[in-house]
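Undergrad: Sequence first, then the predicted structure, then my questions.
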Amino acid sequence: DGGITQSPKYLFRKEGQNVTLSCEQNLNHDAMYWYRQDPGQGLRLIYYSQIVNDFQKGDIAEGYSVSREKKESFPLTVTSAQKNPTAFYLCASSGTRRRLSSNQPQHFGDGTRLSIL
Amino acid sequence: QQQVKQSPQSLIVQKGGISIINCAYENTAFDYFPWYQQFPGKGPALLIAIRPDVSEKKEGRFTISFNKSAKQFSLHIMDSQPGDSATYFCAASGATGGGNKLTFGTGTQLKVEL
């Protein structure tokens, strides 16, 4: 079945450690997104990518980094500079490039819950 | 910063009743308004969406009402069922050349009681 796979489901980070969250999609979507979800705050955009080898900062990019070397993959690294990393992280994808202007719906994975040890 | 304000934060409805969740936006460039449903431990799933050229869209028990002049839109769940108990998010985006970025409301936790 087509969809978005996030792994791992749970992740623990030690102080000073970088951790990488995986996001893979087989929907042939050009655009991919990373959101952070905290209780009572909805979803906030961290980074997004409209095409391979290109990405832009979202609203809360500090302490995070991404890469987009393949269309199917958009990994997120939570660096040691992110002082409050405990959250539920959601990856999404949407559309095909020629239809980006028509606001294609975003499809979400089932998230990774990151906690500090 | 672009905002979408959502209310109420939580809602309890009796089985068979109508659940109503409201959202208001500020940016008049928004032209796509989806609603997402999220169950615990899962990612949000698209429920229904509307564009500003229509005032209402209905899919089964779910209806979006849209008021462009007031910059408000709402989700109505008719004949609410215990299986509808979830968190609902409204969102908005505009084709402004910045990609298909969604701005989300803060969510409404719906509980449907027997």
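TA: Received, thanks.

Undergrad: Tell me how many other residues crowd residue 19.
TA: Since no chain was named, I'll use chain A. The tally of other residues near A:V19 (other CB atoms under 10 Å in any protein chain shown) stands at 18. C-beta: built from backbone N, CA, C; applies to glycine.

Undergrad: that answer is for a different chain, and I need it for chain B
TA: 23.

Undergrad: which residues sit in contact with the nearest residue to it once chain neighbours are set aside?
TA: With sequence-adjacent residues excluded and distances taken as CB to CB, 6 or more residues apart in numbering or on different chains, B:S19 is closest to B:I77, at 4.0 Å. Going by CB atoms under 8 Å, 6 or more residues apart in numbering or on different chains, B:I77 touches B:13, B:18-20, B:61-62, B:84, B:110.

Undergrad: In the sheet, which residues pair with B:I77? Tell me.
TA: B:S19, B:F62 (DSSP bridges).

Undergrad: same deal with B:F33?
TA: With DSSP bridges as the rule, B:F33 is bridged to B:I50.

Undergrad: what's the burial count for it?
TA: 24.

Undergrad: Let me know the pLDDT of it.
TA: On the pLDDT scale, B:F33 is placed at 94.

Undergrad: One more: B:L102?
TA: 89.

Undergrad: so A:V66 bridges to which residues?
TA: Where A:V66 sits in a bridge, its partners, by DSSP bridges, are A:L76.

Undergrad: quick one, what contacts the closest residue to B:K68 other than its chain neighbours?
TA: Leaving aside its sequence neighbours, B:K68 sits nearest to B:P52 (CB to CB, 6+ apart; 5.0 Å). Neighbouring residues of B:P52 by CB under 8 Å, 6+ apart: B:30-31, B:33, B:66, B:68.
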